[in-house]
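Asks: here is my input, please return the structure:
(one chain, ligands or ions: 2)
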Amino acid sequence: NKPLYIQKAAQLVTLQGSSDAPLRKEEMEQLQIIEDGSVWIEDGLIQSVDTDAEIQKRYASRLNEAEIVNARGKLVTPGLVDPHTHIVFAGSRESEFELRLKGATYMEIMNAGGGIHSTTSATRNASHEQLYEESWKRLDQFLRHGVTTVEAKSGYGLSMEHEIKQLEVAQQLNRDHTIDIVSTFMGAHAVPADYKERPDDFVDEVIQKMLPEVARRELAEFNDVFCERGVFTPDQSRRILEAGKKWGLLPKIHADEIEPYRGAELAAEVGAVSADHLLRASDVGIQAMADQGVVAVLLPGTAFFLMAEMANGRKMVDTGVPVALSTDCNPGSSPTVSLPFIMNLGCLKMGMTPAEVLTATTINAAHAIRRGHEIGSLEKGKKADLVIFDVPNYMGLQYSYGSNHTQTVIKNGRVVYR
Ligand code: NIG
Ligand code: FE
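Replies: Ligands and ions are numbered 1, 2, ... in the order given. A predicted model of the protein is given here:
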């Protein structure tokens, strides 16, 4: 295999020195940019990141061996990482979108048997092959937007059989598709209709049956729960997250999305890797997350699509919470694959800067799924996942908003899209 030589980017965003812990506060603006920067790649890994002059010197005897990708005038960044998606599902929910535009709320639709329940029916009825194909298309679209790794949650099965089916589809997609997938079990995404009158029995089912089986089959690394009034209470959520820890599944939580519900506090208490959404998180909860180093995964596409007030990203960064951003790609509250658009919202609706949102979708996103040592920055020894954007500097990604500037995507040292 030929070496790959990414040559002379106008700006090469390296984020070097960030592999051990997510970046916080002012660190989130320190992109460690190299002008006229080049990258030498071999065996799928980054070998050297430096100015082009240095790379030319260092590899002088081997320049004619390499496949050269010209990045002059462009921005090069680490491959984008999406740390929160629900991409394995069947069907779509356009009619609920129209109902919401006419005044119905997300929770009203869910409580009337729609919402997550309607996608659960469609997903239960779909075969493994059908789910695989529908999800494959979404992964292709993610790749075209510069995303090289995604997290994917189950939670549209809500029974042993169908949760396992969803996780097996994600596992097979991880093997077959260019994008890497990190799996999360989310059996506690909603209380299924047949348990409506006895939700604690469903919690027991998740704890006693599903978690052990998912762990035994090594189908997930994380365990997530939708902690929200009318879905799972903080007590039920704590039980589920603590039980997962015993099986080696690290906790994540959908917290304080619709109402303040002490979700951020619970995340800190159980030592969650991340707490996600946080639109209505309390100041005490935000401080507790900062103290415990819980990553805030903010999902401004969801607030946008639900026409709700955004999470206070600015305040979280200033408080010292490590912040990541994600699409939340799902058929109900955020049907998008455009992580670049999410970055636009981070700037324009959450008060974050262009440098902060880039940190939030690369190294901090990698830390939110425990991949900070492998991806998320451009450093010797890391996976060679990179994106060339057709903008002259990192601010251009946000300034010229709403379009897809992705020009070339490199995954594991190979050009996979251009
Ligand atoms: O992250 N909040 C809960 N779960 C998803 C939405 C799932 C759905 O509506 O299908 C979310 O927003
Ligand atoms: Fe979600």
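
Asks: residue furthest from the geometric center of the protein?
Replies: Here the centre of the chain is the reference, and by CA atoms, centre = their mean the most remote residue is residue 61, at 40.4 Å.

Asks: let's verify the residue of the stretch 251-400 of the chain found nearest ligand 1: helix, strand, or coil?
Replies: When scored by CB to the nearest ligand atom, the stretch 251-400 of the chain has residue 332 as its residue closest to ligand 1, at 2.3 Å. Any C-beta I mention is one placed from the backbone N, CA and C, and that applies to glycine too. Each residue gets one of three states, and residue 332 gets coil by DSSP: H, G, I helix; E, B strand; the rest coil.

Asks: for it, list the residues it contacts.
Replies: Residue 332 is in contact with 93, 96, 106, 115-116, 119, counting by CB atoms under 8 Å, 6 or more residues apart in numbering.

Asks: out of these, which is most surrounded?
Replies: In terms of neighbours by other CB atoms under 10 Å, the contacts of residue 332 top out with residue 116 at 26 neighbours.

Asks: relative to ligand 1, how far out is that residue?
Replies: 5 Å (CB to the nearest ligand atom, to the nearest Å).

Asks: okay, the residue of the stretch 251-400 of the chain closest to ligand 1 and residue 49: tell me how far apart.
Replies: 40 Å (CB to CB, to the nearest Å).

Asks: repeat for residue 39
Replies: Residue 39 is 5 Å from residue 49, where distance means CB to CB.

Asks: what sits in contact with each of the two?
Replies: Counting by CB under 8 Å, 6+ apart, the common neighbours of residue 39 and residue 49 are 12, 378.

Asks: quick one: which of the two has more around it?
Replies: residue 39 (28 against 24).

Asks: return the residues in contact with residue 254.
Replies: Residue 254 makes contacts with 224-228, 263, 276-277, as judged by CB under 8 Å, 6+ apart.

Asks: do that again at 10 Å, thanks
Replies: Residues near residue 254 by CB atoms under 10 Å, 6 or more residues apart in numbering: 84, 153, 155, 186, 188-189, 224-228, 231-232, 237, 263, 275-278, 297, 299, 328.

Asks: what bridges to it?
Replies: With DSSP bridges as the criterion, residue 254 is bridged to residue 226, residue 276.

Asks: so which bits of the chain are right by ligand 1?
Replies: By CB under 6 Å from any ligand atom, the residues of the chain that approach ligand 1 are 86, 115-116, 119, 226, 254, 257, 302, 328, 330-333.

Asks: next one: stretch 138-153 to chain centre, how far?
Replies: From the chain centre to the centre of stretch 138-153 is a distance of 9 Å (CA atoms, centre = their mean, to the nearest Å).

Asks: residue numbering should commence at 41 henceforth.
Replies: Let's use 41 as the start, then, which means that last one is stretch 178-193.

Asks: now that stretch: average pLDDT?
Replies: Mean pLDDT, stretch 178-193: 98.

Asks: again, but for stretch 279-291
Replies: Averaged over stretch 279-291, pLDDT sits at 98.

Asks: picking that back up, counting only helices, which of the contacts of residue 294 make the cut?
Replies: Using DSSP state H, the subset of the contacts of residue 294 located in helices is 277, 303.

Asks: rewinding a little: now render the residues of the chain next to ligand 1 as JSON lines, adding distance to residue 62 and pLDDT.
Replies: As requested, these are exported to JSON lines (distance: CB to CB, whole Å; pLDDT from 0 to 100):
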{"residue": "126", "distance to residue 62": "23", "pLDDT": "98"}
{"residue": "155", "distance to residue 62": "32", "pLDDT": "98"}
{"residue": "156", "distance to residue 62": "29", "pLDDT": "98"}
{"residue": "159", "distance to residue 62": "31", "pLDDT": "98"}
{"residue": "266", "distance to residue 62": "24", "pLDDT": "98"}
{"residue": "294", "distance to residue 62": "19", "pLDDT": "98"}
{"residue": "297", "distance to residue 62": "22", "pLDDT": "97"}
{"residue": "342", "distance to residue 62": "21", "pLDDT": "98"}
{"residue": "368", "distance to residue 62": "19", "pLDDT": "98"}
{"residue": "370", "distance to residue 62": "24", "pLDDT": "98"}
{"residue": "371", "distance to residue 62": "29", "pLDDT": "98"}
{"residue": "372", "distance to residue 62": "28", "pLDDT": "98"}
{"residue": "373", "distance to residue 62": "25", "pLDDT": "98"}
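
Asks: go ahead and confirm residue 380 touches residue 436.
Replies: No - in this structure, residue 380 is not within contact of residue 436 by CB atoms under 10 Å, at 11.3 Å.

Asks: related to what we said a few turns ago, now, of the contacts of residue 294, which are buried?
Replies: For the contacts of residue 294, a burial check counting by 16 or more other CB atoms under 10 Å picks out 124, 193, 195, 226, 228-229, 264-268, 271-272, 277, 303, 315-318, 337, 339, 368.

Asks: measure the closest residue to residue 195 other than its chain neighbours to residue 401 for me?
Replies: Distance criterion CB to CB, 6 or more residues apart in numbering; nearest residue to residue 195, sequence neighbours excluded, is residue 229 at 3.0 Å. Distance, residue 229 to residue 401, by CB to CB: 24 Å.

Asks: what of residue 333?
Replies: Plainly put, residue 333 is 19 Å away from residue 401 if you go by CB to CB.

Asks: who's in contact with the residue farthest from the centre of the chain?
Replies: Taking CB under 10 Å, 6+ apart as the test, residue 101 contacts no residue whatsoever.

Asks: mind checking the SS state of it?
Replies: Applying three-state DSSP: residue 101 is helix.

Asks: about what we covered before: and for residue 380 and residue 436, which residues touch both?
Replies: Overlap of the contact sets of residue 380 and residue 436 (by CB under 10 Å, 6+ apart) consists of 429, 445.

Asks: ok, these two, which is more surrounded?
Replies: Between residue 380 and residue 436, counted using other CB under 10 Å, the more crowded position is residue 380 (24 against 17).

Asks: now that one: how far from residue 186?
Replies: Distance from residue 380 to residue 186, by CB to CB: 7 Å.

Asks: overlap in contacts, those two.
Replies: Counting by CB under 10 Å, 6+ apart, the shared contacts of residue 380 and residue 186 are 120, 401, 427, 429, 437, 444-446.
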